[in-house]
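Trainee: Coordinates for the following, if possible.
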Amino acid sequence: MTCPAAHDPEPVPLGGPRFQTDPVALYREMRREHGAVAPVVLDGGIPAWLVLGYRELHQVTSDPVLFSRDSDLWNQWDRIPADWPLLPMIGRKQPSILYTVGERHRERVAVISDALESVDPFELRGHAERFADELIDRFCGRNSCDIVAEYAMLLPLRVLARLYGFSDAQGPGLVTAMNDMINGREGALDGQRHLGESMYGLLTAKQAEPGPDVASRMLANTAGFTLDEIAQDLMVMMAAGHQPTADWIGNSLRLMLTDDRFAASLAGGRHSVGEAMNEVLWEDTPTQNVAGRWTSRDTNLGGRRIAGGDLVLLGLAAANSDPHVRTDAGALTGGNNAFFSFGHGDHRCPFPAQEVAEVIARTGIEVLLDRLPDVDLAVPASALTRRPSPWLRGLTELPVTYTPTPALGAIR
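Mentor: Next up is the predicted model:
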């Protein structure tokens, strides 16, 4: 990897409490000290580049040949131990859509997009409302709950599992497995194993008896993908659709509960839900940084000399706050959706997947506010904390209070 010039500040460790407590100020300082592309250090002293500039990120994501998704290009593989903690995030020779390039990648995106576009929007919202009500029924009779643990971290995967073809009875087990895997603690490997076994079991069952679901549509596609490829892509889409959507719900509700501009929607109307969700994608996006791209040859980017095989990390949150495009520094709550929160270019989140995530998140927020109209924070806003991750930004908990209401299941 090309080293920074001798007069440059030291590379920035990609971790630590400031990514958790004040990432906006941290990215501003990094931009001031390093420019639009900053040298960073990953776990184990592994070097990489973090793209902070909006224009530079657009350049990287618009050129999939020079800035490739093929991780085999990485010039650091000989330094990566088998137990490196970021291996689940930066995989090698994985048969999933994440690391496929060129025409084959475009074909895989088309298969996923076609399967998701066939989801009926009214059916999708119906599933989201039903599971939201089911979850709220569990805590609405009390006067307090943790929105993150008891709601946001449970809802997205329940809906996605139903769309993919899993039975409602399988949903809770999949949620537990996914959250165990995401938490990365002692249950992570068991969670990953459960998800894999469940996905292959689903595909085997749908091969024998197809249904009106995403898995069956992908199996019926004639593009010639193997069962392994379809299973890997479904697991990638399930993971990518769950945690960021859960954080989108949590971050949006945090904004609405702590910012007076959104108080009206809590007192009597939904008109601000979409504005809050859009602002979160600009100011508090769930996906902060993404690994990554690998340069296929030596090149220049943002005034930096990048060696062939270097790892380039996508600083989505930093680019969203780039003062070169955010000249007024004001909050963006209108219809401006030029954010990078879903990526850009060939490897961005497929549009139908983005639409599914938005319906789940918006429905989840609206149903909660309908069911618990006087919901309020149970702690000072300053007491809310974030997960210690430079990659995904979400709350550790969102404790709230409200007037107890009857469970819908008890009055239907």
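Trainee: gap between L314 and L155?
Mentor: 27 Å (CB to CB, to the nearest Å). Glycine gets a C-beta too; all of them are placed from N, C-alpha and C.
Trainee: now swap in E10 and tell me
Mentor: Going from E10 to L155 by CB to CB gives 42 Å.
Trainee: Comparing the two, which residue is more hemmed in?
Mentor: Of the pair E10 and L155, L155 is the one with more neighbours under other CB atoms under 10 Å, namely 26 against 10.
Trainee: for the nearest residue to the more buried one once chain neighbours are set aside, helix, strand, or coil?
Mentor: Spatially, and ignoring its direct neighbours in sequence, L155 is nearest to G364 (5.0 Å; CB to CB, 6 or more residues apart in numbering). With DSSP: H, G, I helix; E, B strand; the rest coil as the basis, G364 sits in helix.
Trainee: ok, G364 - contacts?
Mentor: Going by CB atoms under 8 Å, 6 or more residues apart in numbering, G364 touches 128, 132, 151-152, 155-156, 249.
Trainee: Could you give me the PyMOL syntax to select whichever of those are buried?
Mentor: Filtering those down to the buried ones (16 or more other CB atoms under 10 Å) takes a single PyMOL command:
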select buried, resi 128+132+151+152+155+156+249
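Trainee: Let me know the closest of the contacts of G364 to F67.
Mentor: Using CB to CB, P156 comes nearest to F67 of these, at 29.5 Å.
Trainee: so is that closest one in a helix, a strand, or just coil?
Mentor: Reduced to three states by three-state DSSP, P156 is helix.
Trainee: which regions of the chain lie under the pLDDT threshold?
Mentor: Applying pLDDT under 70 to the chain flags the ranges 1-8, 93, 183-186, 263-271, 327-338, 340, 343, 345, 347, 410-412.
Trainee: What pairs with the helix or strand containing V290, parallel or antiparallel?
Mentor: For V290, the element it lies in under DSSP states H and E is strand 289-295. According to DSSP bridges, strand 289-295 forms sheet pairs with strand 67-68 (antiparallel), strand 311-315 (antiparallel).
Trainee: Out of those, which is closest to L87?
Mentor: Of the strands paired with strand 289-295, nearest to L87 by CB to CB is strand 311-315, at 13.2 Å.
Trainee: and L227, what is it in contact with?
Mentor: Going by CB under 8 Å, 6+ apart, L227 touches 200, 203, 207.
Trainee: gap between it and L234?
Mentor: As defined by CB to CB, L227 lies at a distance of 11 Å from L234.
Trainee: shared neighbours of those two, anything?
Mentor: Shared contacts of L227 and L234, defined by CB under 8 Å, 6+ apart, are found at L203.
Trainee: SS state for H194?
Mentor: helix.
Trainee: So that it lines up with my notes, have the first residue be 43 from now on.
Mentor: Shifting the count to begin at 43 puts that one at H236.
Trainee: Need the nearest residue in space to it, chain neighbours excluded.
Mentor: Closest residue to H236 apart from its sequence neighbours, by CB to CB, 6+ apart: A219 at 3.9 Å.
Trainee: name the helices or strands packed onto the strand or helix carrying the one you found?
Mentor: Under the criterion of DSSP H and E, A219 resides in helix 213-225. Using 3 or more CB pairs under 8 Å, 6 or more residues apart in numbering; DSSP states H and E, the elements in contact with helix 213-225 are helix 197-206, helix 230-250, helix 269-300.
Trainee: if we can go back for a sec, toward the C-terminus, what is the element adjacent to the strand holding V332?
Mentor: Sequence order places strand 341-343 as the next helix or strand after strand 331-337, per DSSP H and E.
Trainee: Not counting its own residues, what contacts that following strand?
Mentor: 79, 91, 93, 98, 101-102, 108, 348, 350, 354.
Trainee: Who does that strand pair with, and is each partner parallel or antiparallel?
Mentor: strand 346-348 (antiparallel).
Trainee: List the buried residues of the strand it pairs with.
Mentor: Of the residues in strand 346-348, 346, 348 count as buried by neighbour count, 16+ other CB under 10 Å.
Trainee: same check, this time on stretch 388-403
Mentor: So stretch 388-403, judged by 16+ other CB under 10 Å, has buried residues 388-389, 391-392, 394-403.
Trainee: and if you look at stretch 443-454?
Mentor: Neighbour counts using 16+ other CB under 10 Å place 444, 447, 449 of stretch 443-454 among the buried residues.
Trainee: can I assume Y96 is in contact with D364?
Mentor: Yes - the pair Y96 / D364 is scored as a contact, 3.9 Å apart, by CB atoms under 8 Å.
Trainee: Just the buried positions in whichever strand or helix holds V82, please.
Mentor: Using DSSP H and E, V82 sits in strand 79-84. By 16+ other CB under 10 Å, the buried positions in strand 79-84 come out as 79-82, 84.
Trainee: just stretch 124-143 next, same as before
Mentor: Under the neighbour-count criterion of 16+ other CB under 10 Å, stretch 124-143 has 132, 137-143 buried.
Trainee: could those residues go into a markdown table alongside secondary structure and distance to D162?
Mentor: A markdown table is the format used below for the buried residues of stretch 124-143 (DSSP: H, G, I helix; E, B strand; the rest coil; distance: CB to CB, whole Å):
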| residue | secondary structure | distance to D162 |
| --- | --- | --- |
| I132 | coil | 36 |
| P137 | coil | 30 |
| S138 | coil | 27 |
| I139 | helix | 24 |
| L140 | helix | 28 |
| Y141 | helix | 32 |
| T142 | coil | 29 |
| V143 | coil | 33 |
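Trainee: Export those as CSV, with columns for distance to A265.
Mentor: Listed next are the buried residues of stretch 124-143 as CSV, based on distance: CB to CB, whole Å:
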residue, distance to A265
I132, 27
P137, 14
S138, 15
I139, 12
L140, 18
Y141, 18
T142, 12
V143, 16
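Trainee: From the chain's centroid, how far away is stretch 219-236?
Mentor: Centroid separation between stretch 219-236 and its chain, computed with CA atoms, centre = their mean, to the nearest Å, is 17 Å.
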